[in-house]
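[1] Can you look at this prediction? I've put the sequence above it.
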Amino acid sequence: MTEFENAQLRAAVERMYGGRATLVQAVPVKETFVGAAVWEGVVHIFDLKENPNATRAYAWSSPIEGSAQRRFFAMLHMGAITSPVEAVRATIVPEH
């Protein structure tokens, strides 16, 4: 991802959850469902300050089919969401 895309993910986290997000790392994730790959990409892990609910967030983007634009996702590290894989899974499983 480019520095511009990193900034877009940081902005998405801050817009959705408030506080200040600082990039910690980016990790590759491949999620499968019923034996088929349903998403593969990079999830960015952010430290989150000034959020009353969590100190970490996960963010990624996916292309919008038939468009040059991207859809941005962000999840807080809380409850059942304790890793980048679980964050992606929480958004993908309901779609399938």
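    Now that the structure is in, tell me what you want to look at.
[2] ranges for the strands of the chain?
    Taking DSSP state E to define them, one finds strands in the chain at 20-33, 36-49, 56-63, 70-76.
[3] So which bits of the lengthiest helix in the chain are buried?
    In the chain, assigned by DSSP state H, the helix with the most residues is helix 3-17. For helix 3-17, burial by neighbour count (16 or more other C-beta atoms under 10 Å) applies to 8-10, 12-14, 17. (C-beta placed from N, C-alpha, C; glycine too.)
[4] just stretch 70-79 next, same as before
    Of all the residues in stretch 70-79, those buried under the rule 16+ other C-beta under 10 Å are 72-77.
[5] could you dump the residues you listed to TSV with pLDDT?
    Below are those laid out as TSV (pLDDT from 0 to 100):
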residue	pLDDT
Phe72	93
Phe73	94
Ala74	95
Met75	96
Leu76	97
His77	97
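[6] if we take those residues, which one ends up nearest to Tyr58?
    Lowest distance from Tyr58 to the buried residues of stretch 70-79 (C-beta to C-beta) belongs to Met75, with 5.1 Å.
[7] Mind listing residues that contact the longest helix of the chain?
    Here helix 3-17 makes contact (C-beta atoms under 8 Å, 6 or more residues apart in numbering) with 1, 20-23, 26, 44, 46, 48, 51, 53-54, 57, 59-61, 72-74, 76.
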